[in-house]
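Undergrad: Sequence plus the predicted model coming up.
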Amino acid sequence: MFRLILAILGFVALGAWVFGYIWISAMACAFSGPNNTSCTVPRPWQLGGEDLWLMVILPAMLVTAIFGLAWLVGGKRQSNDS
């Protein structure tokens, strides 16, 4: 049961990561100025420095840790063959 809760939490964190990445990038475009007409959401591999750390690496570590914890908690099921 705890494994299921962690898996759901992992998927929620993954969705929040994607939504947050797109939202932050869109807000950066919105406040870039009135003359900027070709603002696109940058790909994660196009980022550098603090942007890469805060928008890609840190959330990826959090999501990976949650899914890893769900996998560790699961363990092996014992079968009753008696």
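TA: Perfect, thanks for sending it.
Undergrad: got a list of contacts for the strand or helix carrying Trp71?
TA: Under the criterion of DSSP states H and E, Trp71 resides in helix 58-74. Helix 58-74 is contacted by residues 2-3, 6-7, 9-10, 13-14, 17, 20-21 when judged by Cβ atoms under 8 Å, 6 or more residues apart in numbering. C-beta coordinates here come from the backbone N, C-alpha and C atoms, glycine included.
Undergrad: got the buried residues for it?
TA: Neighbour-count burial for helix 58-74, counted by 16 or more other Cβ atoms under 10 Å, picks out 59, 63, 66-67, 69-70.
Undergrad: Quick check, Ser25 in contact with Val41.
TA: Yes: under the criterion of Cβ atoms under 8 Å, Ser25 makes contact with Val41 at 4.2 Å.
Undergrad: Of these two, which one has the most company?
TA: Looking at Ser25 and Val41 with other Cβ atoms under 10 Å, you find the greater number of neighbours at Ser25, namely 17 against 14.
Undergrad: for the more buried one, what are its contacts?
TA: Counting by Cβ under 8 Å, 6+ apart, Ser25 touches 41-42.
Undergrad: Can you get me a residue count around Leu6?
TA: 19.
Undergrad: Distance-wise, check it relative to Leu62.
TA: The gap separating Leu6 from Leu62 is 12 Å, by Cβ to Cβ, to the nearest Å.
Undergrad: same deal with Phe19?
TA: 14 Å.
Undergrad: quick revisit: farthest pair within the contacts of helix 58-74?
TA: The span of those, defined through Cβ to Cβ, is set by Phe2 and Tyr21 at 28.4 Å.
Undergrad: mind checking which helix or strand of this protein has the lowest mean pLDDT?
TA: Among the helical and strand segments of the chain, the one scoring lowest on mean pLDDT, DSSP states H and E is helix 50-52, with a mean of 85.
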